[in-house]
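Peer 1: Here is a sequence together with a model predicted from it:
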Amino acid sequence: MRRGKPIDEAWILEGLKGLGVKDPGVERDWFTLGWESAILHDTKMYGRGSIRLRRPGGGGPLVVEMRNFDLPGGRTELPRQEGATKLVAHTLSSGIDDLVLYLALRVVPVPGTEEKWMEIGAESEGKTVEVLGADRVVLELPGTGRRAAAGP
């Protein structure tokens, strides 16, 4: 018996079918993961489950941490590439009963976090250029056809 609304994404349906899940449904719509834990489930029967994004350590893959009763739980990685997906099974257990949650993870850009570029060309020769609100600056070097980029 399906709980929740039907699943629309084919990759999720195919993945769940491969895991032997019959008649799946969506219990919670997509939400953005952050550094703070989001509660997945909280009952006396199944216990408390949470999920969060681990703080980045220098440009490696995104690390998602799942917990059960605030104890260390599972971790999974996703490439830092828009559109990357992963389906993960996470079991909550309180000692009374178990609940298996299937989590669909998808990498999407967060509005307002895009890199801001500023291009400086030959028109700026001999001028002082103030760089404000840019994460990276691209300089075109006249006569060489080369570009140089600077940023964090």
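Peer 2: Yes, it's here.

Peer 1: quick one, what contacts the residue nearest to residue 62 when sequence neighbours are not counted?
Peer 2: Spatial nearest neighbour of residue 62, excluding adjacent residues (Cβ to Cβ, 6 or more residues apart in numbering): residue 78 at 4.7 Å. The way it works is simple: take the backbone N, C-alpha and C, and place the C-beta from them, glycine included. Contact analysis of residue 78 by Cβ atoms under 8 Å, 6 or more residues apart in numbering lists 61-62, 64, 84-86, 105, 107.

Peer 1: for the residue nearest in space to the middle of the chain, phi and psi?
Peer 2: The residue lying closest to the centre of the chain (Cα atoms, centre = their mean) is residue 107, at 4.5 Å. Per-residue torsions, residue 107: phi -90, psi 120 (degrees, to the nearest 10).

Peer 1: Hmm, residue 80 and it touching each other?
Peer 2: Yes. Using Cβ atoms under 8 Å, residue 107 makes contact with residue 80 at a distance of 7.0 Å.

Peer 1: which residues are common contacts for those two?
Peer 2: residue 62.

Peer 1: low-scoring pLDDT stretches of this structure, where are they?
Peer 2: 1-2, 57-58, 70-72, 112-117, 133-136, 138-152 (pLDDT under 70).

Peer 1: Spatially nearest residue to the residue nearest to the centre of the chain (excluding sequence neighbours)?
Peer 2: residue 84 (4.3 Å).

Peer 1: Report the secondary structure state of the residue located most distally from the centre of the chain.
Peer 2: Centroid-distance maximum for the chain: residue 126 at 43.6 Å, with Cα atoms, centre = their mean. Under DSSP: H, G, I helix; E, B strand; the rest coil, residue 126 falls in the coil class.

Peer 1: For residue 12, grab phi and psi.
Peer 2: According to degrees, to the nearest 10, residue 12 has phi -70, psi -50.

Peer 1: all strands for the protein, in order.
Peer 2: 38-43, 47-53, 62-68, 75-78, 85-93, 98-106, 117-120, 136-141, 146-150 (DSSP state E).

Peer 1: Put together a markdown table for the ones you listed, with distance to residue 25 on each row.
Peer 2: Below are the strands of the chain laid out as a markdown table (distance: least, Cβ to Cβ, whole Å):
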| stretch | distance to residue 25 |
| --- | --- |
| strand 38-43 | 15 |
| strand 47-53 | 18 |
| strand 62-68 | 20 |
| strand 75-78 | 22 |
| strand 85-93 | 15 |
| strand 98-106 | 11 |
| strand 117-120 | 43 |
| strand 136-141 | 44 |
| strand 146-150 | 47 |
